[in-house]
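Enquirer: make a model of this:
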Amino acid sequence: MTSGSSSDPALAARLKARIRAVPGFPEPGVLFRDITPLLGDPAAFTEAIAAMTAPFEPARVDAVAAIESRGFLFGGPVAGLLNAALVPLRKPGKLPAATLAEDYELEYGTASLEAHTDALSPGRRVLIVDDVLATGGTAAAAFRLCRRLGAEVVGFSVLVALPPLGGLARLERLGPPVRSVLEYR
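Expert: From the prediction side, this is the model:
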């Protein structure tokens, strides 16, 4: 399986028609890709989930690690289609039992993801899912966290990749395939 985006131009056009561009959000100079119109269209959302799942059907996925918070919207349905467990990767202080944390750099500071220490066991095959791949810092932290829990990361599946921001290249260097349904260059 190669890294990259969906090869179905008709699907890409249908889904891109449901993603709103919002200039200047959250700050001037940023063009935000708003997925909420896609979420509000049951047919488009179903197509997006199917496209995120299909490349990993042969991978024998045991668990889907979904990144807080919009990754949860896609991770649950993907896990269901793959007949896999769902593992939430959360912001600090949100999980009730013992956790393992992984810090990562932001533009102005650091952040952290946590998982329950018993969420994954050695040898489990995990797919990491999120909505948008920008710089790749959060997804790379998710990769490290899953590996620290003993899991084998079989890939990354995202709805939207923004290759100019470097995240796609960053994740490709980690080894597992990175699949996006859509790319904005």
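Enquirer: all strands of this structure, in order?
Expert: Here the chain has its strands, by DSSP state E, at 4-5, 20-23, 31-34, 63-67, 85-89, 99-106, 109-116, 125-133, 152-161, 178-183.
Enquirer: where in this structure is pLDDT low?
Expert: Counting by pLDDT under 70, the chain has low-confidence residues at 1-4, 6.
Enquirer: list the contacts of residue 91.
Expert: Applying Cβ atoms under 8 Å, 6 or more residues apart in numbering to residue 91 gives the contacts 68, 111-114. Where you see a C-beta, it was placed from the backbone N, CA and C, and this is true even at glycine.
Enquirer: from those residues, pick the one nearest residue 18.
Expert: Taking Cβ to Cβ as the measure, residue 18 lies nearest residue 68 of the contacts of residue 91, at 23.0 Å.
Enquirer: any chance of the strands of the chain in TSV, plus mean neighbour count?
Expert: Putting the strands of the chain into TSV (neighbours: other Cβ atoms under 10 Å) gives the following:
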stretch	mean neighbour count
strand 4-5	18
strand 20-23	11
strand 31-34	14
strand 63-67	27
strand 85-89	21
strand 99-106	15
strand 109-116	16
strand 125-133	26
strand 152-161	24
strand 178-183	24
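Enquirer: show me the one of those strands that comes nearest residue 144.
Expert: For the strands of the chain, the distance to residue 144 is smallest for strand 99-106, at 5.1 Å, taking Cβ to Cβ.
Enquirer: partner strands of the closest one and their direction?
Expert: The strands that strand 99-106 pairs with in its sheet are strand 109-116 (antiparallel) (by DSSP bridges).
Enquirer: which other residues reach the strand it pairs with?
Expert: 65, 67-68, 87-92, 94-95, 97-104, 138, 141-142, 145-146, 149.
Enquirer: what about residue 36, how many residues nearby?
Expert: Neighbourhood size, residue 36 [other Cβ atoms under 10 Å]: 11.
Enquirer: so what's the closest residue to it other than its chain neighbours up against?
Expert: In this structure, residue 36 finds its nearest non-sequential neighbour in residue 20, 7.4 Å apart by Cβ to Cβ, 6 or more residues apart in numbering. With Cβ under 8 Å, 6+ apart as the criterion, the residues that contact residue 20 are 33-34, 36-37.
Enquirer: ok, now how distant is residue 20 from residue 185?
Expert: As defined by Cβ to Cβ, to the nearest Å, residue 20 lies at a distance of 18 Å from residue 185.
Enquirer: next one: residue 85
Expert: Residue 85 sits 35 Å away from residue 185, going by Cβ to Cβ.
Enquirer: now swap in residue 87 and tell me
Expert: Residue 87 is 31 Å from residue 185, by Cβ to Cβ.
Enquirer: so who does residue 32 touch?
Expert: Going by Cβ under 8 Å, 6+ apart, residue 32 touches 21-23, 25-26.
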